[in-house]
Structure formats: structure tokens, C-alpha cells
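Undergrad: structure of the sequence below:
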Amino acid sequence: MAKENLIKVQLVRSMIGVPEKQRRVVRALGLRKMWATRVHKDNPVIRGMVFKVNHLVKVERVEK
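TA: Sure, this is the predicted structure:
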């Protein structure tokens, strides 16, 4: 069975004053409140979303 790579995304900056497009990206990542954390599969779609809001989030690789 193939091992899935996972990443943990955490919202570490406030969304006050952030453009609406970036707010939607953060919301699509499943982050609603400050310090909220979600685990996602590490794929190009999620990587692209994280790249767009990298100044608002912290990303860590999850070891299974």
C-alpha cells in the first residue's frame, strides 16, 4: 500500500485587511479561526492554495 504524504496547515495571522480572494482560499483550506489546524493530502492543488496565502499560514509535514 502506497504511503500518503500529508501536510498540516495552521492559520497564524489574522484575516483582517486581507483581500477577499485570499479569505476564500483560507476558508477553502478549512481554516475558520486563528490557530485552527487542518491536515490535507500533499498534492499540487493544496500546495497552490498554500502558496497563495503563505504569509497567513504555517505548514508542517506530517509523519505517519
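
Undergrad: residues contacting the spatially most central residue of the chain?
TA: By Cα atoms, centre = their mean, the chain has its centre lying nearest to Val9, at 4.0 Å. Residues near Val9 by Cβ atoms under 8 Å, 6 or more residues apart in numbering: 29, 31, 37-40, 46, 50, 57-59. Placement of C-beta: from N, CA and C, glycine included.

Undergrad: can you rerun that using 6 Å?
TA: Val9 makes contact with 29, 38, 57, 59, according to Cβ atoms under 6 Å, 6 or more residues apart in numbering.

Undergrad: what subset of these is buried?
TA: 29, 57 (16 or more other Cβ atoms under 10 Å).

Undergrad: can you list the contacts of Val9 in CSV and add distance to Gln22 and pLDDT?
TA: Converted to CSV, these look like this (distance: Cβ to Cβ, whole Å; pLDDT from 0 to 100):
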residue, distance to Gln22, pLDDT
Leu29, 11, 98
Arg38, 16, 98
Val57, 10, 98
Val59, 16, 97
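
Undergrad: what's stretch 40-54 in contact with?
TA: Against stretch 40-54 from outside (Cβ under 6 Å, 6+ apart): 5, 7, 22, 25-26, 29, 59.

Undergrad: inside strands: which ones of the contacts of Val9?
TA: Those of the contacts of Val9 mapping onto strands are 38, 57, 59, per DSSP state E.

Undergrad: among these, which one sits closest to Arg13?
TA: Distance to Arg13 across the ones in strands among the contacts of Val9 (Cβ to Cβ) is lowest for Val57, with 7.7 Å.

Undergrad: which positions in the helix or strand that contains Val25 come out as buried?
TA: Following DSSP states H and E, one finds Val25 within helix 20-28. For helix 20-28, the neighbour count (16+ other Cβ under 10 Å) marks 25-26 as buried.

Undergrad: do stretch 52-64 as well
TA: Per 16+ other Cβ under 10 Å, stretch 52-64 contains these buried residues: 52-53, 56-57.

Undergrad: between the two ends of that stretch, how far is it?
TA: 26 Å (Cα to Cα, to the nearest Å).

Undergrad: all set, thanks.
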